[in-house]
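S.K.: Give me a 3D structure for the following:
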Amino acid sequence: MSTLLSVRELTMRFGGLTAIDQLSLEVPANKITGIIGPNGAGKTTLFNCLTGFYKPTTGTLRLNHPSRGEIRLESLPSHRVARDAQVVRTFQNIRLFPKMTVLENLIVAQHNVLQRASKFSIAGIFALPGYRKAEGEAMARAETWLRRLKLEQFADHAAGDLPYGIQRRIEIARALCVNPVLLCLDEPAAGLNPRESAELNELLLYLSGEMGIAILLIEHDMSVVMNVSDHICVINYGRKIAEGSPEKVQNDPHVIKAYLGEDDEDEASGGIAA
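M.R.: Below is the predicted model:
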C-alpha cells in the first residue's frame, strides 16, 4: 500500500493552547482514512493545516504527488494547496454560493484553470481559442461530476433552494471538479438522515474504489466511518491515541475511554457502536 501523505510530528499552537501535539500519521493512496475523536480533539485543526488555512507551528506535511513528486504542504501559500498540490476540502458548514445554480457552483470551483487560460481576462474578453477550449473542458468536467453524483436534474436549480442532503452532495461534486489527489471531507454526514447517510457511504466507496481518489474523512457518524474506512486514526486533545483497522479501533480501550469516559476497569468490556 503506497503512502500518499506523511504527517510527521505536526504541532499547532495558538498562544498557550496546543491544538495538535506532535501528531504523526500516514494516509495511503486510493484508500479512505477516517479521522475520529471527541469534540475539540483537533480534527478540523488538522484539516486546516493540511489545506493551508493554518501554518503549523512545527512538523512536516509531505504529499507524494503522483505526477509532481514530493510537495511540502506546510511550505505552500494557502491558495496553492488546491491549485498545485490538488488537496481539496469540504467544510462542516456548507459553503455553496446559494443564489448560483448547481452548475455555476461547479464551474466557479475551476476558477484557477479558467483564470490562467484567460491571460488576465484578455483571452476571455475576446473569446480566444485557448480560453474557449478551457471553458469547454470546465463545463464538461462539471457535467461529468453532476452525472456521476446523480445531480443532473438539479443543474439549473439555485443551490440554496435544494434540500440539505443534496447540498452536501453538491459540495462534494464541486470539490471533485478540481481533480483532487486527496479529498478532505469534514463531517459530510452531518445533518443527513439514515437514507442519505447510506447513499453517502456508496458515494465514498465509489470515489475511492472506482475513481482511485484518496479520501481523508472527519466524521462523528460511526455508521459512515466504520463502514467505509480502510484505516482509522483516533485523536484526543490533539494527540493520536490509536490507529488501525475499523475493528481494531472500535475495540481499543483507549478509544472507548475517550468516547465514553469509562473507568479503567470497564474499558475492555465493549466497543464503539457502529
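S.K.: Could you find the closest non-adjacent residue to Thr51?
M.R.: Nearest residue to Thr51 in three dimensions, chain neighbours excluded: Arg89, at 4.8 Å (C-beta to C-beta, 6 or more residues apart in numbering). Where C-beta positions appear, they are placed from N, C-alpha and C, glycine not excepted.
S.K.: Tell me what that neighbour is bridged to.
M.R.: For Arg89, the residues forming beta bridges with it (DSSP bridges) are Cys184.
S.K.: same deal with Cys233?
M.R.: When bridges are called by DSSP bridges, Cys233 pairs up with Ile35, Glu243.
S.K.: can you give me the strands in the stretch 101-250 of the chain?
M.R.: Under the criterion DSSP state E, counting those that start in this stretch, the stretch 101-250 of the chain carries strands at the ranges 182-186, 214-218, 231-236, 239-244.
S.K.: quick one on the thing from earlier: hang on, isn't the residue nearest to Thr51 packed against Cys184?
M.R.: Yes - using C-beta atoms under 8 Å, Arg89 makes contact with Cys184 at a distance of 4.0 Å.
S.K.: Quick check: neighbours shared by these two?
M.R.: Taking C-beta atoms under 8 Å, 6 or more residues apart in numbering as the contact criterion, the residues that touch both Arg89 and Cys184 are Phe47, Leu50, Thr51.
S.K.: Phi, psi for His13 please.
M.R.: Not quite, residue 13 is Arg, not His. Dihedral angles phi and psi of Arg13 (degrees, to the nearest 10) take the values phi -110, psi 140.
S.K.: Have a look at this protein and report its longest helix.
M.R.: Counting residues, the longest helix in the chain under DSSP state H turns out to be helix 129-148.
S.K.: In contact with the most centrally placed residue in the chain, which residues?
M.R.: The structure's the chain has its C-alpha centroid closest to Cys184; by C-alpha atoms, centre = their mean the separation is 1.2 Å. Contacts for Cys184 were tallied using C-beta under 8 Å, 6+ apart; they are Phe47, Leu50, Thr51, Val87, Val88, Arg89, Thr90, Ile215, Leu216, Ile218.
S.K.: Quick check: it vs Pro194, distance?
M.R.: Taking C-beta to C-beta, to the nearest Å as the criterion, Cys184 is separated from Pro194 by 24 Å.
S.K.: Please apply the same query to Leu217.
M.R.: According to C-beta to C-beta, Leu217 stands 18 Å off from Pro194.
S.K.: who has more neighbours, these two?
M.R.: Leu217 (23 against 9; other C-beta atoms under 10 Å).
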